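**Q** generate a structure from the sequence data that follows.
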Amino acid sequence: MKSIHSALVITALLWTATACKDKTTEIVPEEANSDWTTESHSNDAVPNYDIVFPQNQVNTLEIIMTAADWAAIKADMQTKSGTAFGAGGGMAPGGTPPGGVPGGNGAGGLDLISGDPIYVATTLKFNGKAWKNVGLRLKGNSSLSSIWRAGIYKLPFRLKMDEYEDKYPEINDQRLYGFKELSMSPAFSDNSLIREKAVADIFRMGGVAAARTAFYKVYINFGDGLKYCGVYTMVEIIDDTMVKDQFGNKKGNIYKPESTFQTFVQSQFEKKNNETAADYTDVQAFVAALNSADRTSNAAQWRANLEKTFNMDNYLKFLAINNTIVNWDTYGAMAHNYYLYNSPTNKLTWIPWDHNMSMTNTAGGGNAGGGRAAVSLAMTEVGAGWPLIRYVAADPVYYAKYKQYVKTFTDEVFTTAKMNELFDRYTNLITPYVNGAEKEVAPYTNLANTAAFTSALSALKQHVVTRNQAVSAFVK
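**A** This next block holds a predicted model:
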C-alpha cells in the first residue's frame, strides 16, 4: 500500500509540475504588456469611435522606432522610389510626376513607388497606454514620393496593430480600441490641414458613406528622441471597420481598384477581403453592363442592367458632390482613390477615398502644377476613357438626376454658412498645434511657413463661394 501511495504522490507531483510548466510558458497579452485590457488591446472589443475618432479634440500619438528600423525604411524606400531621403528631384505638390502626365483621357495612375514599403515594429503610445510591436509602414504614391524627396519627416504612414503577431504571439489579434489598421494623412499639398477631414464629413453630410476621421498630434522617435511631426488626420480603413460600421456587414467583396472601367482587367481590382475566393463576377458584370452596346441601342435596358450590378443612385450623389467641391485626385483625373463594396443588396457601391487634393480650383491645393484635370460640373470635356462619367453625362435620365443632386447638395449642405462653421471649428481646433504653443517647423512639416496655414482658411471659404456661383450657373 505504501508503494502504491508513493507512486500516486509522485504521479500527482509530476502532473502538478507539468501543469505549472504549461501555465508559466503560456503567453497571454496581459503578461506581456501590463497596459493590456480587453477594451483597449483585445480583438473582443467593438471599435470605440469616441476614443479613437473624437470630433471635438485633438488626440496625441507617440510612435517609437529604433535607428536601425529607420535605416531599414530609408534603404527600402531608396530601392522602391529610386531616390534617397531628401535627395530632391521629385514632383512639386500637385505637379506632373517624373515620367509622364497622369490622368488625361483615361490614362490611369502612375506608380512612383514600386510596391508597398516595408513594415517595421514600433511601440505606440496613446491614451496613457502602450501597444508593442505595432507594424508601421509608409504609404502613398505621389504624396509620399514628394515628401520623401524633400527630406520631410512628416510622412504618410499606416499602422497595423497585429502585423507582427506571428513573431510575437503575445500580441495576437492586438487592436487599438477595436481597430486593427489605421491610416495617417499628413495633409500633403493642403495648407489648411483640414481638407482630408472636412471632405469626408461633407460626403457623409451629403448621403455618401465615407471613412471617419480625426485630428492627431503625432510625435515620432526615429531612433534619436521624440520629434513633433505636427497635425495629422487619422483615417479609418475601409476594409477594417468602415464597411461594417456604415453598411451593417462586410461579407461582400471589397475592392480598391485602379481601373477606368473601359475593360475588365483582374489585376486592376485589388481585393481587400475574400482574397482566397477567386470570384470577380460582380465587378466583371458591372464593367460588362457599363460598356454594353445597349447604351446606344436601348438606353432603358442599359440602365436597368447596369443598376442590377451597381448602386447608381449612390454614385450620382458622389459625382454631384465630387464635381461641386472639385477633386484633382480621383476617378476622372486619376484611376484610383476609390473603393467598391458589394453591399448586402448585391450591388457595387462607390466609396470615396483620399481627399487632401480636394476643394481647390488649382491642382495641388494651391500650388501650380500641370497634368491633372478636375472634372467640371457639366462634364462635357470628359472623354470615353472615363466611361462611368462620360456615359452618365451622355444619358439624359442619369444627367437630369445628377443635376438635381448637384442642386440639392449645394442648397442643403455646401452652403457658405455651414461650410464656414465647419472650417472655423476645425481650424480653431488644430491651430494651437500648428501655429500656437506647439508649432509645425521644418523639416517636420509640409508647410512652407506658418503664414501659409493662416491664409488657407480664407481661401477655403472663398472656394465655397466660387463653387456656389458655378452651381447657380450650371443648374439654370
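**Q** can you give me the helices in the stretch 201-350 of the chain?
**A** 243-247, 281-290, 294-297, 299-309, 312-325 (DSSP state H, counting those that start in this stretch).
**Q** just these: most buried one?
**A** Most buried of the helices of the stretch 201-350 of the chain, by mean neighbour count (mean count of other CB atoms under 10 Å): helix 312-325, with a mean of 23. Quick note: C-beta positions are derived from backbone N, CA and C, even for glycine.
**Q** so what does it touch, helix or strand wise?
**A** helix 195-205, strand 348-352, helix 387-394, helix 396-412, helix 450-474 (3 or more CB pairs under 8 Å, 6 or more residues apart in numbering; DSSP states H and E).
**Q** that helix to strand 348-352, inter-axis angle?
**A** 20 degrees (axes from the mean of the first three to the mean of the last three CA atoms, to 10 degrees).
**Q** ok, the closest residue to P443 other than its chain neighbours to G88 distance?
**A** Of all residues not flanking P443 in the chain, I152 sits nearest, at 5.3 Å (CB to CB, 6 or more residues apart in numbering). I152 sits 11 Å away from G88, taking CB to CB, to the nearest Å as the criterion.
**Q** hmm, back to that, could you dump the helices and strands packed on helix 312-325 to CSV with mean neighbour count?
**A** Formatted as CSV, the helices and strands packed on helix 312-325 follow (neighbours: other CB atoms under 10 Å):
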stretch, mean neighbour count
helix 195-205, 23
strand 348-352, 23
helix 387-394, 20
helix 396-412, 16
helix 450-474, 16
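**Q** now those as a markdown table including distance to R137 and mean pLDDT?
**A** A markdown table is the format used below for the helices and strands packed on helix 312-325 (distance: least, CB to CB, whole Å; pLDDT from 0 to 100):
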| stretch | distance to R137 | mean pLDDT |
| --- | --- | --- |
| helix 195-205 | 19 | 98 |
| strand 348-352 | 22 | 98 |
| helix 387-394 | 31 | 98 |
| helix 396-412 | 36 | 98 |
| helix 450-474 | 28 | 97 |
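**Q** I'd like the ones you listed written out as TSV, with distance to Y338 added.
**A** Conversion of these to TSV gives the following (distance: least, CB to CB, whole Å):
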stretch	distance to Y338
helix 195-205	12
strand 348-352	6
helix 387-394	10
helix 396-412	17
helix 450-474	21
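**Q** and those: which comes nearest Y216?
**A** Across the helices and strands packed on helix 312-325, Y216 has its closest neighbour in helix 195-205 (10.6 Å, CB to CB).
**Q** quick one: the helices in the stretch 51-200 of the chain?
**A** In the stretch 51-200 of the chain, the helices defined using DSSP H, counting those that start in this stretch lie at 67-81, 142-150, 195-205.
**Q** out of those, which comes closest to T263?
**A** helix 142-150 (25.0 Å).
**Q** report the buried residues of the closest one.
**A** 142-150 (16 or more other CB atoms under 10 Å).
**Q** by pLDDT, give me the weakest of the residues you listed.
**A** Of all the buried residues of helix 142-150, S142 carries the smallest pLDDT score, 87.
**Q** right, I'll leave it there.
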